[in-house]
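Participant: Sequence and predicted model, in that order:
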Amino acid sequence: MLVLKITNARELVSAKLGRFLEALTPDALDQKTVEDILIKELIKNLAAEGLKGELAAVQGLDLEEKTLLVGDGLHVRRHESF
């Protein structure tokens, strides 16, 4: 199992959409948008290489250094099989 933590979602949205729209967009929406785009692209690339599996966006899980933290309200926000 792999865990990927995106730490610059807000900056990425700002660079793509501009500062004005970024200021109007909540951080949580930025994170979800970047995760959804990443899931779509990862599935496309992994499937093209012949890999099969599942990919999920999970809320309530955090990665700090070498520790995986499980918070209250842990749930799968999005799940895709490829």
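Facilitator: Noted; the coordinates are in hand.
Participant: roughly how far apart are the residue nearest the centre of the chain and F82?
Facilitator: Central residue of the chain (Cα atoms, centre = their mean): E35, 2.6 Å from the mean position. Separation of E35 from F82 (Cβ to Cβ, to the nearest Å): 16 Å. (Glycine included, C-beta is placed from N, CA and C.)
Participant: Check the offset of the helix of greatest length in the chain from the chain's centre.
Facilitator: Longest helix in the chain, counting residues (DSSP state H): helix 27-48. Distance, stretch centre to chain centre, for helix 27-48: 6 Å (Cα atoms, centre = their mean, to the nearest Å).
Participant: tell me what the very next helix or strand once past that helix is packed against?
Facilitator: For helix 27-48, the following helix or strand on the C-terminal side (DSSP states H and E) is strand 54-64. Helices and strands touching strand 54-64, by 3 or more Cβ pairs under 8 Å, 6 or more residues apart in numbering; DSSP states H and E, are helix 27-48, strand 67-81.
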